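Asks: Give me coordinates for this.
(5 chains, ligands or ions: 5)
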Amino acid sequence: MTGWLIFALLVWAGGWWLNARLAARPATGFTSLIIPVIFGLTLIAVWEGVVRGFEISPVLLPAPSAIAARFAASTSILWEDFVQTVIRGALTGYVLGCGSAFLIAILVDRYDFLRRGLLPVGNFVAALPVIGLAPILVMWFGFDWQSKAAVVVVMVFFPMLVNTVQGLSASSSMQRDLMRTWAAGYWTTLLRLRLPAAMPFIFNGLKIASTLALIGAIVAEFFGSPIRGMGFRISTSVGQLALDLVWAEIVVAAITGSAFYGVIALIERSVTFWHPSQRH
Amino acid sequence: ADEVTLQLKWVTQAQFAGYYVALDKGFYEEENLDVTIKPGGPDIAPVQVLLGGGADVMVDWLPSALAAREKGAPIVNIAQPFASSGLMLTCLKEHEINSPEDFPGHTLGTWFFGNEIPLYSWMGKLGYATDGSEGGVTIQKINFNVDPLLQKQVECATTMTYNEYWQVIDAGLTPEDLVVFKYEDEGISTLEDGLYTTEEKLADPAEAEKLVRFVRASMKGWKYAEENPDEAAEIVLENDQTGAQTEKHQKRMMGEIAKLTAGSDGTLDEAAFDRSAQITMEGGMITKMPEGAWTHDITDKALN
Amino acid sequence: MKDNPAGACGAGEGQFVSKESVISARQLDLTFRTGDGPVHALKDVNLDIRRGEFVSFIGPSGCGKTTFLRCMADLEHPTGGEISVNGVSAEAARRARAYGYVFQAAGLYPWRTIGGNVRLPLEIMGYDRADQDARVKRVLELVELDGFERKYPWQLSGGMQQRASIARALAFDADILLMDEPFGALDEIVRDHLNEQLLKLWARTEKTIAFVTHSIPEAVYLSTRIVVMSPRPGRITDVIESPLPAERPLEIRDTQAFLDVAHRVREGLRAGHVDD
Amino acid sequence: MKDNPAGACGAGEGQFVSKESVISARQLDLTFRTGDGPVHALKDVNLDIRRGEFVSFIGPSGCGKTTFLRCMADLEHPTGGEISVNGVSAEAARRARAYGYVFQAAGLYPWRTIGGNVRLPLEIMGYDRADQDARVKRVLELVELDGFERKYPWQLSGGMQQRASIARALAFDADILLMDEPFGALDEIVRDHLNEQLLKLWARTEKTIAFVTHSIPEAVYLSTRIVVMSPRPGRITDVIESPLPAERPLEIRDTQAFLDVAHRVREGLRAGHVDD
Amino acid sequence: MRGSVVPVLTVVCGIFVIWYAAAVWLNAAWAYDKAARSGTELSTQMLIADTWSQDKPKLPAPHQVVVEIWETTAQKKITSKRSLVYHSWITLSATLLGFALGTGLGIALAVGIVYNRTMDRSVMPWVIASQTIPILAIAPMIIVVLNAAGISGLLPKATISMYLSFFPVVVGMVKGLRSPDQMQLDQMRTWSASGAQTFWRLRLPASMPYLFTSLKIGMAASLVGAIVGELPTGAVAGLGARLLAGSYYGQTIQIWSALLMAAALAAALVGLIGLIQRITLNRMGMA
Ligand SMILES: Nc1ncnc2c1ncn2[C@@H]1O[C@H](COP(=O)(O)OP(=O)(O)OP(=O)(O)O)[C@@H](O)[C@H]1O
Ligand SMILES: Nc1ncnc2c1ncn2[C@@H]1O[C@H](COP(=O)(O)OP(=O)(O)OP(=O)(O)O)[C@@H](O)[C@H]1O
Ligand SMILES: Cc1ncc(C[n+]2csc(CCO)c2C)c(N)n1
Ligand SMILES: [Mg+2]
Ligand SMILES: [Mg+2]
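Replies: Ligands and ions are numbered 1, 2, ... in the order given. Reported below is the predicted structural model:
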């Protein structure tokens, strides 16, 4: 039993030492990928050691090995839930929410009246906690993915709106004056100057929204869902104390969320290659 | 005084009146106990709290307790204040479901967390598919309220005789608008609110002795509550920290609860246990009949 | 007063209008409202710039040179007086794309290559594709940036960026050039070179140029007229006509005539420099 | 070669060491690794700067002037050769707080007042409070910013900010001053004034100064030696000793001796300007 | 400021109009049902009156919510369990504690990331991954584990608040602590300033604008965390408990009033940070 605890400590020290060595070397694509992976593996090994060392009951915290076993055994359930929650709920809501926020942002930016009226009210609405909104939206939009998408729309709308509005005013006054000297119209200025200049902010919004979308879809399922979906599985499995399945779903969520975030970050890299923050 | 913490399965309401009465009337104190009652909720798995050391005793329903036991949680039933089940399926009459034969083609809402098991067993007995296919029923997970029924998202919904049923009535429907199927009547009922603790505590004579006193005082509370339902409801209301409960509802609930506890002195009925376990197994919640999941030691000592 | 540059080939209207006033400011007044009270940036400014003139503005920091140029370009709205460009309001002139403007800082769009930056106003003004290509090539050669067309702004040194921005203002056919310290970031050799190029371009195209600078020799070398300004409130304190000939080799800067003008400008400047 | 300035009061060690080498670069080499391949910023640079000298660096944009200064200050690590400051490594000299550095841009901390900015290095170096006050007052007077101590940087014009940044580098006792185009953003009048002040300060304190500029007259007016550099790779192409006397009124700029030196510098510069 | 009053009022009025209309639309089904059961015919007027005054409407009309809020704040002793002020206070205390912890953790992590290469390269991706975990799923586990460790009361809830609020602080502060430009850092080097001096006199002041922006997001997240944390603590008290209890008993009016109260609380807290921000940045000359 103490053997496992010592194992955990050793792994921790070893992982840290290895990473310190790697981090000291010049950054390459390989090291920037391998370092967090090693860190994660270390964490997992420590977790395993602690669970075994302290003999923690599997209904409280299952060991990573048990989670992995459950993951492997339940891939079809996990896949079904993934499709329901991520593809139908989160992705639809993400696209709708970010898309409409983007369009509204352009309107808000165009009409000062809207900016001054909508943004403060918007900030207030954005402060409404999801936990409270989710049951209401489920009541309105039904149990299936539509209500999840609605929750996601509400969650991602304001971060995206605020970022886009901020981005649209990110071009410098000189850059805008230049457009004026060429007598460029509103649309030309929007397309050729303000949207490109807004891209770093827009991607900031898209990145924040990507993690929010997933959380929103899962949390909303806690408040009503058909009998599939990640949130459904998590909430019912907790009730059945099948914590290994709960954690398997959490692993799926974490991997999906990180991958989603990563994909957006990659696109950001290629679109805003010119921005100083992307250039080293 | 010895400290005992009780973890409830649900929020503070007359369903747990016996314990609050025992606390309020000093029955625990008489047994030299200092009892803390922790309310529950949908996000609380009492078993986790028990195993995590946050409570000494918990209230749970038998199917979920058995499932937890099979998953490696060494919990044991030490007393069973509820003799019968208050679970039922409530349908709106307008959907023209008058008997189980009418179920096919309809949507039945149920709570999950183990509460779906008896329903699945029932449908199995009736020979209906549950995936919404032709000639079968659709089972829909619903949360712990009756909105889906009122808003016609489902045609029948799981309700408790003592709680949700009355919420439907309060919403403006009359008993004539409803058709109810009691699980008790359909022969698919499982044991509800029992008291559970860990094997470890039972093995410790000092702890076991504490539990004896606890069960004795609790049952005294229950019997007092049965006899004085209105006073019991008042006591519950005083102990509700959310301030969300109403007097009318709790008094009515207490009346219904009294019917469920009436037949029990706290001793577990073995036959009822076996039947419940059988149903739980048929539903797939457990894979084999449990062993050592209950004991009469505590109630035997408490009641003599 | 400037003679018509030798061999000038007028941009359409011909030379008979060369004495006509292109930019005309009457009692121009501009006050900025700021947090700590109003700033009187321009006061009672009167000036006429005639077609084909090269007018430099010089004066201490904060005297309103940029502000004045911005008024001409309809980037700032005067709070008093009037300004007309080509006989119409500054706004109408801006809409008619009457001028090219070079800002003090390069202000290239970082998401476009150098070529793309120069091409941008051409795209906006609807030049056809082949014409765009030809013009981009020509102006980049003019500022000696051929070969850098596909680089991004941050891949160039500050001086090269500034030259790209000059090229951008020259790419389309504007009769008026407004230049705000375009050569500030360049070293002397490059600056000399670009000064020469600018004079040549001006002689060839008969453009009207308004030019802000901090350098007295530069002002004297380039201009047909030098406007000296003074701050608090910003106003014109002296207007010096250059007696130098139109043809100006770099060596002209060592002549006595040149030094005399420079001296007069310096005196005018010093007078405005009460403190700071 | 420079005579000892008249009336110089040496900062401690006295004047008998005035010919000793303070900064010494041997075969200095620096290559930047960048995305599109290496940039050879300095190649085979050899230079000795003696105590009390005023050395200017001039050369086209991107020739490595700033890089060289940064090597002296241990802000950049040479990839070849050696550099020593005060007989020790550049790093040891930096740790011993041997120099004041004025950056090309003012770089004041916006959350500190002008006084607070000037005081910052003093706080870091642990001067006591009364001494801090006295020094802040003295250097702000020197750059004629007395009265602006409590203003924030954005409340000052660009030129005033630059002067504050010079004051900051002068506030503490460093024998060596490294200045990277400190006067680039100023207009000619202010620039002349500060040039004079700097010469006076140098004469009085016997500091060693390395000074980067784009302006030929400025380099000639200020320096005892002028180092001309050339790009790709950055190297020293000429070192010109100034024959001008230590005492230099502004009018010296109209003398033939001055013009001769300026001419030689211009030629050196032009030679380095192959293209760009 | 003053220029915003009219637009804000217009938008708010617009929302009310839509809200009332939506209330009619969403609650009509129930009104017709009731009418059908009692066999009466509904005129439009009666329909509207009914949809705006139901006991458990799908969407309560604004005045119903306002009345409920009024009754549960102004007309109840604030120590009463039925007072929304009492519940707000419970939630607020957990929010503030969690916010303080989250800010502390966030800043500590950010400092680690900025000053330690190993942390920089290994921690950040996991910080992002941590935020993709549905908090609602692990909140009960956190509570149980902390309970098992003998910690109960405010701290478990605050822990969940902290979990949600540290993320924006880390992200913002890493950006902020890295915001001094190369020249400012080089300046510190030329003065041979120590790491601590560079931190206190350059990096920290430079990060202030970023800090305040993250604090605002963190505060809102913290409130959500406190509410989430209230669900698995037995939902005994607090706005989360009101939301939950409201949902068990189908008390939509109660849900909405708790919801709006939470939003108002968040708005007030965020506004407070904004105020502190303005004062601080003003005194730092950075506004
Ligand atoms: N947008 C503005 N708001 C408030 N004051 C301004 C604004 N723009 C300029 N000013 C003020 O107006 C005055 C004139 O500014 P302007 O930029 O025209 O000076 P300038 O002569 O171009 O100086 P420089 O040589 O430094 O470029 C200054 O005192 C400046 O502070
Ligand atoms: N951090 C860096 N990374 C890559 N290349 C650099 C870096 N710093 C400078 N360079 C390159 O090194 C060369 C010398 O630059 P340096 O800044 O020393 O020039 P400079 O003589 O000071 O020019 P200027 O007069 O424009 O200030 C340039 O070609 C520049 O592009
Ligand atoms: C984990 C879990 N949570 C809730 C319930 C359902 N339940 C038990 S008692 C009660 C009160 C009824 O008014 C309800 C809804 C359950 N069975 N298991
Ligand atoms: Mg200007
Ligand atoms: Mg430089």
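
Asks: From now on I want contacts and neighbour counts done on CA atoms only, so please keep to that.
Replies: Will do.

Asks: Could you list the domains of chain C?
Replies: What automatic domain parsing lists as the domains of chain C is C:18-98+C:175-276, C:107-173.

Asks: Against the centre of the chain, work out the most remote residue.
Replies: With no chain named, the answer covers chain A. A:Thr181 (41.8 Å; Cα atoms, centre = their mean).

Asks: try again with chain B
Replies: B:Glu134 (33.4 Å).

Asks: Nearest spatial neighbour of that residue, chain-adjacent residues omitted?
Replies: Leaving aside its sequence neighbours, B:Glu134 sits nearest to B:Gly105 (Cα to Cα, 6 or more residues apart in numbering or on different chains; 7.2 Å).

Asks: re earlier: so the residue farthest from the centre of chain A versus A:Arg194, what's the distance?
Replies: 16 Å (Cα to Cα, to the nearest Å).

Asks: quick one, helices of chain B?
Replies: B:17-24, B:27-30, B:46-51, B:62-70, B:116-126, B:147-150, B:164-170, B:183-186, B:199-203, B:205-227, B:229-239, B:247-261, B:270-282, B:297-302 (DSSP state H).

Asks: center of chain A, which residue is that?
Replies: Nearest to the geometric centre of chain A sits A:Thr211, at 1.2 Å (Cα atoms, centre = their mean).

Asks: what's the following helix or strand after the helix or strand where that one lies?
Replies: Using DSSP states H and E, A:Thr211 sits within helix A:195-222. Scanning forward in sequence from helix A:195-222 by DSSP H and E, the next helix or strand is helix A:230-239.

Asks: Helix A:195-222 and that next one, what's the angle between them?
Replies: 40 degrees (axes from the mean of the first three to the mean of the last three Cα atoms, to 10 degrees).

Asks: quick one: contacts of helix A:230-239?
Replies: A:78, A:81-82, A:84-85, A:217-222, A:224-226, A:243, A:245-246, A:249, B:45, B:64, B:112-114, E:137 (Cα atoms under 8 Å, 6 or more residues apart in numbering or on different chains).

Asks: Let's verify the nearest residue to B:Ala73 once chain neighbours are set aside: helix, strand, or coil?
Replies: Residue nearest to B:Ala73 in three dimensions, not counting chain neighbours: A:Val59, with 6.8 Å by Cα to Cα, 6+ apart. With DSSP: H, G, I helix; E, B strand; the rest coil as the basis, A:Val59 sits in coil.

Asks: check contacts around the residue farthest from the centre of chain A.
Replies: C:Ala73, C:Leu75, C:Arg94, C:Arg95, C:Arg97, C:Tyr99, C:Gly100, C:Tyr101.

Asks: Make sure the fifth one is actually in contact with A:Ala183.
Replies: The reference is to C:Arg97. Yes. Between C:Arg97 and A:Ala183 a contact is recorded at 6.2 Å, counting by Cα atoms under 8 Å.

Asks: Tell me how many other residues surround the residue of the stretch 51-200 of chain C found nearest ligand 3.
Replies: The nearest approach of the stretch 51-200 of chain C to ligand 3 comes at C:Trp111, 56.0 Å away (Cα to the nearest ligand atom). Using other Cα atoms under 10 Å in any protein chain shown, C:Trp111 is surrounded by 20 other residues.

Asks: if I've got this straight, it is in a helix?
Replies: No. Read with three-state DSSP, C:Trp111 is coil and lies in no helix.

Asks: Which residue is the nearest non-sequential neighbour of it?
Replies: Per Cα to Cα, 6+ apart, closest to C:Trp111 is A:Trp274, 5.4 Å.

Asks: Please apply the same query to C:Ala98.
Replies: C:Ala98 sits nearest to C:Ala174 (Cα to Cα, 6+ apart), 5.2 Å away.

Asks: quick one: that neighbour and B:Phe144, what's the gap?
Replies: In terms of Cα to Cα, C:Ala174 sits 74 Å off from B:Phe144.

Asks: now swap in A:Thr92 and tell me
Replies: Applying Cα to Cα, the value for A:Thr92 to B:Phe144 is 28 Å.

Asks: quick one on the thing from earlier: which per-residue confidence value corresponds to the residue nearest to C:Trp111?
Replies: A:Trp274 is assigned 79 on the pLDDT scale.

Asks: Show me what the helix or strand that E:Asp120 is a member of packs onto, helices and strands only.
Replies: Take DSSP H and E as the rule and E:Asp120 turns out to sit in helix E:117-130. In terms of contacts (3 or more Cα pairs under 8 Å, 6 or more residues apart in numbering or on different chains; DSSP states H and E), helix E:117-130 is packed against helix A:2-24, helix A:29-53, helix A:243-271, helix E:84-115.

Asks: I'd like the next helix or strand past it.
Replies: Next element after helix E:117-130 (DSSP H and E): helix E:135-148.

Asks: quick one, that following helix and helix A:195-222 angle?
Replies: 60 degrees.

Asks: what mean pLDDT does helix E:135-148 have?
Replies: 78.
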